[in-house]
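A.B. asks: for reference, the sequence and a predicted model appear below.
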Amino acid sequence: MTDPTNALTNKTDEAPGAPIRILIAEDQALLRTTLAALLEAEPGMSVVGLAEDDAALMARLVKQWQAKRSRNALRR
């Protein structure tokens, strides 16, 4: 089980100084792309994906989780 205070203590699997990875879910395309552009312009932030609805968001999250799980399995 993961530590529920993980977000509060800033303990992650990422290296120190790694950018904050953001996945944007918004049904309005203009707002979604504008927000992505604004966040990408900020230092220390990286937009890793865009989703237009909850189904697309969940599919993207599952895909990223599976990819990370595969990478971790290969390290062992």
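C.D. replies: That came in fine, so what should we check first? Owing to the predicted nature of the structure, the values given are computational and were not obtained by experimental measurement.
A.B. asks: quick one: contacts of the longest helix along the chain?
C.D. replies: If you go by DSSP state H, the chain has its longest helix at helix 54-75. Residues outside helix 54-75 that contact it (CB atoms under 8 Å, 6 or more residues apart in numbering): 23, 25, 48-49, 51. Any C-beta I mention is one placed from the backbone N, CA and C, and that applies to glycine too.
A.B. asks: what number of residues lie near Val47?
C.D. replies: If you count neighbours by other CB atoms under 10 Å, Val47 ends up with 20.
A.B. asks: am I right that Leu23 is in a strand?
C.D. replies: Yes: the assignment for Leu23 by DSSP: H, G, I helix; E, B strand; the rest coil puts it in a strand.
A.B. asks: I'd say it and Ala51 touch.
C.D. replies: Yes: checked against CB atoms under 8 Å, the pair Leu23 and Ala51 is within contact range at 6.8 Å.
A.B. asks: neighbour count winner among these two?
C.D. replies: Between Leu23 and Ala51, counting by other CB under 10 Å, Ala51 is the more crowded of the two (18 against 13).
A.B. asks: is that one in a bridge, and if so with what?
C.D. replies: Applying DSSP bridges to Ala51 gives these bridge partners: Ala25.
A.B. asks: is it true that it touches Ala25?
C.D. replies: Yes: the pair Ala51 / Ala25 is scored as a contact, 4.4 Å apart, by CB under 8 Å.
A.B. asks: give me phi/psi at Asp53?
C.D. replies: Per-residue torsions, Asp53: phi -160, psi 180 (degrees, to the nearest 10).
A.B. asks: for Ala15, see how far away it is.
C.D. replies: 32 Å (CB to CB, to the nearest Å).
A.B. asks: give me phi/psi at Asp27?
C.D. replies: Here is the backbone geometry of Asp27 (degrees, to the nearest 10): phi -80, psi -20.
A.B. asks: I'd say it and Glu52 touch.
C.D. replies: Yes: between Asp27 and Glu52 there is a contact at 5.8 Å, judged by CB under 8 Å.
A.B. asks: who has more neighbours out of the two?
C.D. replies: The residue with more neighbours, out of Asp27 and Glu52, is Glu52; 14 against 11, by other CB under 10 Å.
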